[in-house]
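S.K.: The sequence and its predicted three-dimensional model are supplied below.
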Amino acid sequence: MENQGIVESNQNIEKEIKYANLSLRLLAFIIDIIVFWSIYSITFKISFSFQNPDYYENLINNFYSGKFDFSKAIYIIIKTFIFLIIFFFIFSLYKILIVGKFGASLGKMIVGIKIVDENGNKISFKTAFIREVVVKQIIYPIFSFFSFLGYLWAIWDKRKQTWHDKIARTIVIKE
């Protein structure tokens with residue numbers, strides 16, 4: 001009998017969930033974009049620092065002037081593509097690790113929101129991978145118009161969930 005009272009009193013204690021609105025999520029996204037664009041720019045400059053800094057501009061000017069060197073263009077395109085793939089994997093790993101560990105990207109931490117599962121529990125690294133990489137970095141770019149609608153879905157959803165939240169079974173809350 002005594003245990004039943006404890007269970008009943010625990011059931012009466014419910015945490016009020018405050019869903020993060022779209023404006024807070026957008027602000028966190030903008031902060032993340034600024035941070036990642038800065039990191040991307042710095043690493044790109046470092047990776048290509050041994051080349052002429054005006055290489056891309058010269059390549060374009062040579063194209064329009066008729067002095068285009070196709071082999072140099074292919075070389076720089078392949079090198080840039082490889083850099084982008086490496087950056088994608090590093091960026092993805094970062095997102096999986098930080099969201100899986102802390103439940104929030106840097107931008108979300110700054111604005112005071114975090115990602116939890118639909119029961120309010122910390123998400124797993126697997127869930128972070130599905131949400132941040134599979135849905136947001138692979139599926140959304142392929143179906144960009146629909147992904148835009150996926151973000152707008154949070155406007156009228158009672159739990160303020162976007163499609164990637166629904167797919168990964170997560171919610172974003174105010175801390």
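M.R.: All right, it came through fine.

S.K.: which non-adjacent residue is nearest the spatially most central residue of the chain?
M.R.: The chain has residue 132 as the residue nearest its centroid, 5.3 Å off, counting by CA atoms, centre = their mean. Nearest non-adjacent residue to residue 132, counting by CB to CB, 6 or more residues apart in numbering: residue 95, 4.1 Å away. Quick note: C-beta positions are derived from backbone N, CA and C, even for glycine.

S.K.: SS state for the residue lying closest to residue 19 once chain neighbours are set aside?
M.R.: Sequence neighbours aside, residue 160 is the residue nearest to residue 19 in space, at 4.0 Å (criterion: CB to CB, 6+ apart). Using DSSP: H, G, I helix; E, B strand; the rest coil, the structure places residue 160 in coil.

S.K.: Residue 104 now?
M.R.: Here residue 104 is coil, with the state taken from three-state DSSP.

S.K.: From residue 85, how far off is it?
M.R.: Residue 104 sits 26 Å away from residue 85 when distances are taken as CB to CB, to the nearest Å.

S.K.: can you give me the helices in the protein?
M.R.: Under the criterion DSSP state H, the chain contains helices at 2-12, 22-47, 55-65, 70-102, 106-111, 125-129, 140-142, 144-156, 163-168.

S.K.: Can you mark which positions in the fourth one are buried?
M.R.: Using 16 or more other CB atoms under 10 Å as the test for burial, helix 70-102 gives 87, 91-92, 95-96, 98-100.

S.K.: okay, and the helix or strand of the protein with the least pLDDT?
M.R.: Least confident helix or strand, the chain: helix 2-12 with a mean of 42, by mean pLDDT, DSSP states H and E.

S.K.: OK, contacts around the residue nearest to residue 118 when sequence neighbours are not counted?
M.R.: Distance criterion CB to CB, 6+ apart; nearest residue to residue 118, sequence neighbours excluded, is residue 169 at 5.1 Å. By CB atoms under 8 Å, 6 or more residues apart in numbering, the contact set of residue 169 is 117-118, 127.

S.K.: I appreciate the help and will end here.
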